[in-house]
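K.L.:
3D model of this:
(chains A, B, C and D)
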Number of protein chains: 4
Amino acid sequence: MLDELREECGVIGIYDGENVARNVAMGLYALQHRGQESAGFAVSDGAKIRVRKSMGLVSALLREHDAGELKGRAGIGHVRYSTTGASTLANAQPILVGCKWGQIAVAHNGNITNAAELRAEMEAEGHIFQTTSDSEILLHEIARTRAGDLGEAVEKAVAKLTGSFSLVFLSKDAMYVARDGFGFRPLSLGRLGNAWCAASETCAFDLLGAKYVRDVEPGEFLTVTREGVRSRRFVRKERRAHCIFECIYFARPDSRIFGQSCDKVRRKMGKKLAEERPVDADIVVAVPDSAATAALGYAQASGIRFEIGLLRNHYVGRTFIDPAQDVREQKVRLKFNPIEGVLKGRRVCVVDDSLVRGTTLRILVRMIRDAGATEVHVRIASPPVAHPCFFGMDFPSSRELAAASMAPEEIAAALGVDSLGYLSVEGMKECTGEGEHYCAACFDGNYPDYVGAKTDKARCG
Amino acid sequence: MLDELREECGVIGIYDGENVARNVAMGLYALQHRGQESAGFAVSDGAKIRVRKSMGLVSALLREHDAGELKGRAGIGHVRYSTTGASTLANAQPILVGCKWGQIAVAHNGNITNAAELRAEMEAEGHIFQTTSDSEILLHEIARTRAGDLGEAVEKAVAKLTGSFSLVFLSKDAMYVARDGFGFRPLSLGRLGNAWCAASETCAFDLLGAKYVRDVEPGEFLTVTREGVRSRRFVRKERRAHCIFECIYFARPDSRIFGQSCDKVRRKMGKKLAEERPVDADIVVAVPDSAATAALGYAQASGIRFEIGLLRNHYVGRTFIDPAQDVREQKVRLKFNPIEGVLKGRRVCVVDDSLVRGTTLRILVRMIRDAGATEVHVRIASPPVAHPCFFGMDFPSSRELAAASMAPEEIAAALGVDSLGYLSVEGMKECTGEGEHYCAACFDGNYPDYVGAKTDKARCG
Amino acid sequence: MLDELREECGVIGIYDGENVARNVAMGLYALQHRGQESAGFAVSDGAKIRVRKSMGLVSALLREHDAGELKGRAGIGHVRYSTTGASTLANAQPILVGCKWGQIAVAHNGNITNAAELRAEMEAEGHIFQTTSDSEILLHEIARTRAGDLGEAVEKAVAKLTGSFSLVFLSKDAMYVARDGFGFRPLSLGRLGNAWCAASETCAFDLLGAKYVRDVEPGEFLTVTREGVRSRRFVRKERRAHCIFECIYFARPDSRIFGQSCDKVRRKMGKKLAEERPVDADIVVAVPDSAATAALGYAQASGIRFEIGLLRNHYVGRTFIDPAQDVREQKVRLKFNPIEGVLKGRRVCVVDDSLVRGTTLRILVRMIRDAGATEVHVRIASPPVAHPCFFGMDFPSSRELAAASMAPEEIAAALGVDSLGYLSVEGMKECTGEGEHYCAACFDGNYPDYVGAKTDKARCG
Amino acid sequence: MLDELREECGVIGIYDGENVARNVAMGLYALQHRGQESAGFAVSDGAKIRVRKSMGLVSALLREHDAGELKGRAGIGHVRYSTTGASTLANAQPILVGCKWGQIAVAHNGNITNAAELRAEMEAEGHIFQTTSDSEILLHEIARTRAGDLGEAVEKAVAKLTGSFSLVFLSKDAMYVARDGFGFRPLSLGRLGNAWCAASETCAFDLLGAKYVRDVEPGEFLTVTREGVRSRRFVRKERRAHCIFECIYFARPDSRIFGQSCDKVRRKMGKKLAEERPVDADIVVAVPDSAATAALGYAQASGIRFEIGLLRNHYVGRTFIDPAQDVREQKVRLKFNPIEGVLKGRRVCVVDDSLVRGTTLRILVRMIRDAGATEVHVRIASPPVAHPCFFGMDFPSSRELAAASMAPEEIAAALGVDSLGYLSVEGMKECTGEGEHYCAACFDGNYPDYVGAKTDKARCG
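P.N.:
Next comes the predicted model:
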């Protein structure tokens, strides 16, 4: 995707294993694509939990903190994107607090839609808030819940939440894992030797050499102790609502989420797109790296040759601002290299996985034309994004969504392309199998759950 | 003092002025001696409070954060020492929270002795704690207090505390200032043009060009708004209990605290010491820099010549550890330079302001002998420290206090000196004037207030 | 390529333009793949040359130094790999010196094979050396040359060198450009508006929006002044000897070097490989990212389906060393993600552009098998590397070259693959067109020029 | 001194000892006052010399580089001030080069007055220069000298220099030490166990626990090898010319230089000043820290009480610039704290060691008046500085020297003092003993040696 949608977080937890800090960090490396703004881990040595967090990548976390300092056999980790400039260390996770139950740490992926209401209620009752994170609200709820023990309190607290959440908790001697009743965000259970682990995506298991056991069920609450794993249901919804955008773009292609191999779903979407939106072109080219699989599918189904016509420069860091130039254009030019030898004199079909704003694609289309393409056709392996997300994806405001105010042909004109085609909502759902169990609200506006009072912006937990 | 007593904090607040962030930082420079572990400031623009904190000196704070980003006309600041290794950014101040009253930030100097009890009570009621700081407990108390407005809540919360506290609070449109009923720690009120300011020591006013107005009274609660300053008493104690160690060592000599010029009190202590503990020596030499004034007083009263026989190296940073050497000795040698030309062939009277552990002095005495001194006599311008402090000074545990287990002559033998003499408790109190209004518990064991359940270690707020 | 061959450098120069420092840096971004260890630029304001260098990427250079400080209308830049641990700022380029001709700066790509002899001669005559760089030797030669002016001195000095060099020089009022007589390394001439520019690869022109004019000829010396460009030949060789490894792996696919589009040459190599070394497999998979084009060519020619079966993780930074684990394996696992959905149950043909050591490939093959591949066949789009390079490529010592001591079938066994096939030397040369004008010494041992007395290791200039 | 004269460097060398890198660094700590802009050390392991340098203090050097990496039994070190903004790592010392004699490193304190001529001659002969440092010129001279061995070459090269130099060289198996024929800068020889050491000041020996043996003689050249120390004279001058400013301000009071204890000379100057320039005042106050000894001497001779009326803040780092304020004033106020209790109502005699610009003193005088002093008299324990230094001291240009254009009474008026008195040149020389062996050119304009063609600014080697 061109727009680098900022969204989401990634979580991981490991209970009762060797080298826990190191393995949690290793797992975070595999989940790095889910959040690059801050990273952190917390480990319990059975008596005390210690937490370390850093702004930036997992590699920064490991540069600033010695994993060896975090002794213990249980730990959780988190990578995070924030949606606003207020990205500070204070908001990084895991968040660790002390309360009547002792110490508890949490790592959260998702967006709690009744957070504002809960916070207002808690403030009225005398609570203080040091962050703007949903997770702090959840910790307050746990601390004030009446229960027989911490596990029961966590379960009760989780049951009060609406919205999306894949959660991993760490107490001094247990790990708790919970997933919202709709199953918006992925969360899987695995085994690493004798240890239990939970992670946002199975690619973390693969890197660790852990075995995938099963998905954590929507509405399921797991208590992991030395006695093993105990499962309970804290809520049952009439349907599931897996985020279809995870399949389209966000999850790593080598992950298995929602019972599907991501890579296979993307190839199907590419094929379906070729069926629905054929094109008369010489070559199919992907927007690297995320759209490669969909583009391959498109090429296979259409019989048009797949080519590598755009390269992505992975070295781009901070750039200089030359006020006399278009900054966005500079960034796009630094990031993508069109290969003239491939594009020149060709009718090019460019496949991308999704189209949000369109501003970047407009620049890229011009670069492809400048490289000598005679025609540029754009095919998007998902429908037009037209509605905000309240469950963890940080789409821009409606005003900035290309499809919110323009018809496809207007967008095509704005992009300067010869043709533009999207995958249909039905076609898309078909590719996932069990399409009725997905949330496609950003495409069709059908929100499966309460969207909250804070309708301005969905925030990552 | 040789042992670099770690203790204390420094606070400052300015209400309704120009360049507030800059002036708060300037004031923190003047208070830097009160805390060198972390520094921070918070500024309100009338609608929102922003906070910035850094580990290290005020110069690090200003290197990492642009004071110009903190717009507004009211602000508070803090410099901090922590007493344990757990010195982290999370514990740095000011602490800023949101609660039912809106945003509130606090900067605290002192040690709340009923903190553990309050925290236990709050935890039982469902509160969470993200730091190990007393100040967080106070903020919880404010948030859960029933009151007509924030000011009343702050006052009520403060009234529940025991122990020592000089506090400055910032809300979006007011500043609150409070001092415990015994007046353990200094806190002064001043004017900078039309703005009001409060600071731990008057030296901050001098640097800012502000005018000293008066001390904040023990038990006084000030509400500073655009309407001006309103004063109330939240508690009245039968006596005062100013920390006498502030006069001996901690406050800056150019500050006026507890109604006295620090510098004058120290000179008197030196003179009194000369009376009580005369010596037959050729020269009087101070342990730099803190004992210079007392040594001058000793020289004047005794008629023995004052000389600069020890220099202090201010460039010492991180040093290397050579396992084959005594690390403490390396540090002392890097820090103090004996001047052979002054010491050689002389009977030297070394004056220090206080003696806590004695381990460093032992090394220094040997260095003075190595430089050729024929006799080394030590005079301490305060009594033996024999009791822990629960009100904000971080003395080592009793086990490490030289005077807790040894008689003066034993200490003299351990130090390897020809004679050792302390100032008497009576002599010391006499020098302060109104000696009955001082807390000298570290010397005489008479604690004026509840010392708390957490008797292990006094912590800085 | 798996082994991340460390080699080479990239150079750029711009004469008489606006925003020179910014444009030089932008060009270095495009050349970043040629050197990631240090980066630097030098700019002349007509009177004085200023230089700035940093360890690390171009983004580090721009973070540490303000491009705006370097005023002027002419500048040169350099990105560098070093081949040994002695990678220090002192060896970074451009190197700027003062001499009888005034200031002169140089940026060098290549390896001067008579450097050791020249240095010995100069040392005997009383010269000092502050770096271990060939470029310093060249600067000495310029400084001690008798000539009418600087330009003549540079030309004379360059004519004394053997080996490979693509050079850009900056004096206060001119730019000089030179390329060795065999044309080992690429070097192109372009125009950016009215300014002239030279760069290692044309991709730098594309990013800048500059127009490619022509290649700098082997043995050509260009003097660029306000009067324009003057060309002279300082040497004429009977043949050319373009580095064929630039085509195979090192140059960016969107660059045009040696008169060929890199991307096209690589596709041809993939097709030729399919002809020479067919395979009975279900899918063709590339080692990302460098082998993608060759793999596509292989797929097209063989009719076997191209699939994306391996992903590359671009976030990998410093990793932790767990002594109980194989570090190399850890690195490979962090860097490459096999996609089970693609590989499982398939006979996989893995295409890589070259095979140097093979140690990494062995691990990758096992990962592919673990992902469920039933057969793994490896095809290498170049011949076995069996000889060291003395002209700028940093191959490991012969001892580490897989092909230096093992026959292909032995290598296949060591890799654990079902079959292994290389492209033939003849097949490879055929793909470049005019194959006789290429140096393929690393494959066939035919060195076109003096290889120098320092035969241990080829160093990048 | 108020003006923080930037000048000088400090050098140290140790031959054939244990823990050489560590001990060199320790010695640099003791010499830190001689240069705070960069620090470096070089160590030979008998076969190879390694060098490490950093911008900033010795503590930065040790933070950035591991002393343990520098194995070997011989090493040299350097701390440096530069006199211009061009303070870069390239100019930091030791400088290490390779030449026909093998590797050689040098650390230099002083200013070579025929450097410009030598460089012009060398450039004409074809040499290149990578720094603007005198020391690089010296290394060229060594490299091009015809001699039987390196030692002879170093000696011959040194003999060609005019100006001031205290030099320590390191080859792979020897240390060379040289001092100019006038003995401008201090340089001492000592023993640390069986190892030999040389250092700018004896305070480095004291910190290391080394024994002072003797001063290196003016014009002496020492060759230190495993066979011991061999001494030769490379030049004999009719007189000595020790820099009297070392005695007045620059050397550390606990150092013994030029056969005198610094501290004693300063006390004598204070006493002499009291004789020559008596005052009718209540107290004598020093400008801290450098003038303390002179002030004590003044107090003793005059019978006026010595008081600590000004404190120096050692925490001042980077400050913010408020354009609406006088930056210099801000700096002075942050750095010096007047003690009102001491100054108020008193007639104050302020003693400083020297007066260069006077701009800072003007601000300080006002601060003392603001603190309540009824009269402010200034006494300077040296004569008016009226001439530039070409031998290593970085005075401002004549235009900025207060005494170059104003008579004492005019300066007094500009400073706003009630009276101003300087020590006479004769009085000053008397205090050093053998006054005819000192260079006092900055006071009397009598330059003992060739001052060079580059008369603009004296540079530190």
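K.L.:
next one: phi and psi at the closest residue in space to A:Ala403 that isn't next to it in sequence?
P.N.:
Distances taken as Cβ to Cβ, 6 or more residues apart in numbering or on different chains put A:Pro384 closest to A:Ala403, at 3.2 Å, once the chain neighbours are dropped. The C-beta positions use only the backbone N, C-alpha and C, and glycine is treated the same way. Here is the backbone geometry of A:Pro384 (degrees, to the nearest 10): phi -60, psi 130.
K.L.:
I'd say A:Pro384 and A:Ala402 touch.
P.N.:
Yes. Using Cβ atoms under 8 Å, A:Pro384 is in contact with A:Ala402, at 7.4 Å.
K.L.:
Identify the contacts common to these two.
P.N.:
Common neighbours of A:Pro384 and A:Ala402 are listed as A:355, A:411 (criterion: Cβ atoms under 8 Å, 6 or more residues apart in numbering or on different chains).
K.L.:
give the contact list for the residue nearest to A:Ala403.
P.N.:
Contacts for A:Pro384 (Cβ under 8 Å, 6+ apart) come out as A:355, A:402-403, A:408, A:411, A:422, A:443.
K.L.:
again, 7 Å this time
P.N.:
Residues near A:Pro384 by Cβ atoms under 7 Å, 6 or more residues apart in numbering or on different chains: A:355, A:403, A:408, A:422, A:443.
K.L.:
Check those residues against chain D and report the nearest one.
P.N.:
A:Leu355 (46.6 Å; Cβ to the nearest Cβ).
K.L.:
beta partners for the residue nearest to that closest one when sequence neighbours are not counted?
P.N.:
Nearest non-adjacent residue to A:Leu355, counting by Cβ to Cβ, 6+ apart: A:Ile380, 4.7 Å away. Counting by DSSP bridges, A:Ile380 is bridged to A:Asp352, A:Tyr422.
K.L.:
if I look at A:Ile380, how far off is A:Tyr438?
P.N.:
18 Å (Cβ to Cβ, to the nearest Å).
K.L.:
Compare the two (neighbour count), which wins?
P.N.:
A:Ile380 (29 against 24; other Cβ atoms under 10 Å in any protein chain shown).
K.L.:
Quickly note the distance from the residue nearest to A:Leu355 to chain D.
P.N.:
A:Ile380 is 50 Å from chain D, where distance means Cβ to the nearest Cβ, to the nearest Å.
K.L.:
Now do the contacts for that residue.
P.N.:
Applying Cβ under 7 Å, 6+ apart, we find A:Ile380 in contact with A:352, A:354-355, A:422-423.
K.L.:
which of those residues tops the neighbour count?
P.N.:
A:Leu423 (29 neighbours).
K.L.:
Can you give me the domain assignment for chain A?
P.N.:
Using automatic domain parsing, the domain ranges for chain A come out as A:9-238, A:257-444.
K.L.:
Any idea which of the ones you listed gets closest to D:Pro278?
P.N.:
Shortest distance between D:Pro278 and those, using Cβ to Cβ, is found for domain A:9-238: 61.7 Å.
K.L.:
SS state for the closest residue to A:Gly392 other than its chain neighbours?
P.N.:
Nearest residue to A:Gly392, sequence neighbours excluded (Cβ to Cβ, 6+ apart): A:Asn111, at 4.4 Å. Per DSSP: H, G, I helix; E, B strand; the rest coil, the local secondary structure of A:Asn111 is strand.
K.L.:
Same check on the one 10 residues further on?
P.N.:
Under three-state DSSP, A:Glu121 falls in the helix class.
K.L.:
Residue most distant from the centroid, chain A?
P.N.:
Here the centre of chain A is the reference, and by Cα atoms, centre = their mean the most remote residue is A:Gly345, at 38.1 Å.
K.L.:
where does that one fall, helix, sheet strand or coil?
P.N.:
Assigned with three-state DSSP, A:Gly345 falls in the coil class.
K.L.:
isn't it right up against A:Arg369?
P.N.:
No. If you go by Cβ atoms under 7 Å, A:Gly345 and A:Arg369 don't touch, sitting 12.0 Å apart.
K.L.:
if we can go back for a sec, what's the spacing between the residue nearest to A:Ala403 and chain C?
P.N.:
A:Pro384 sits at a distance of 26 Å from chain C (criterion: Cβ to the nearest Cβ).
K.L.:
And for A:Thr293?
P.N.:
A:Thr293 is 6 Å from chain C, where distance means Cβ to the nearest Cβ.
K.L.:
Now the residue nearest to that residue when sequence neighbours are not counted: phi and psi?
P.N.:
Once flanking residues are discounted, A:Thr293 sits nearest to A:Arg266: 4.1 Å by Cβ to Cβ, 6+ apart. Main-chain dihedrals, A:Arg266, degrees, to the nearest 10: phi -60, psi -40.
K.L.:
next one: A:Glu246
P.N.:
The phi/psi pair for A:Glu246 (degrees, to the nearest 10) reads phi -60, psi -40.
K.L.:
which parts of chain A sit against chain B?
P.N.:
A:89, A:97-100, A:123-124, A:126-130, A:139-140, A:143-144 (Cβ under 7 Å from any Cβ of the partner chain).
K.L.:
give me that answer again for 6 Å
P.N.:
Proximity of chain A to chain B, by Cβ under 6 Å from any Cβ of the partner chain, involves residues A:97-100, A:123-124, A:126, A:128-130, A:139-140, A:143-144.
K.L.:
which pair in these spans the largest distance?
P.N.:
Using Cβ to Cβ, these reach their maximum pairwise distance at A:Gly98 and A:Ala124, which is 22.9 Å.
K.L.:
Those two - which one has more neighbours?
P.N.:
Legend: neighbour count by other Cβ under 10 Å for A:Gly98 and A:Ala124, higher for A:Gly98 (18 against 10).
K.L.:
mind checking pLDDT for the more buried one?
P.N.:
What the model reports for A:Gly98 is a pLDDT of 96.
K.L.:
do the same with A:Leu2
P.N.:
What the model reports for A:Leu2 is a pLDDT of 56.
K.L.:
ok, what's across the strand from A:Phe306?
P.N.:
Using DSSP bridges, the beta-bridge partners of A:Phe306 come out as A:Val284.
K.L.:
residue contacts, A:Ser38?
P.N.:
A:55, A:80, A:92 (Cβ atoms under 6 Å, 6 or more residues apart in numbering or on different chains).
K.L.:
Spatially nearest residue to it, not counting backbone neighbours?
P.N.:
A:Ala92 (3.7 Å).
K.L.:
Ends of stretch A:65-73, what's the gap?
P.N.:
18 Å (Cα to Cα, to the nearest Å).
K.L.:
so which helix or strand takes in the residue nearest to A:Ser302 when sequence neighbours are not counted?
P.N.:
Nearest residue to A:Ser302, sequence neighbours excluded (Cβ to Cβ, 6+ apart): A:Ala274, at 4.2 Å. Using DSSP states H and E, A:Ala274 sits in helix A:262-276.
K.L.:
quick one: contacts of that helix?
P.N.:
Helix A:262-276 has contacts (Cβ under 6 Å, 6+ apart) with A:247, A:251, A:253, A:255, A:293-294, A:297-298, A:301-302, A:379, A:381, A:423-424, A:427, A:431-432, C:339, C:341.
K.L.:
distance between it and the chain's centre?
P.N.:
From the chain centre to the centre of helix A:262-276 is a distance of 20 Å (Cα atoms, centre = their mean, to the nearest Å).
K.L.:
Next, the buried residues of that helix.
P.N.:
If you call a residue buried by 16 or more other Cβ atoms under 10 Å in any protein chain shown, then helix A:262-276 has these buried ones: A:262-274.
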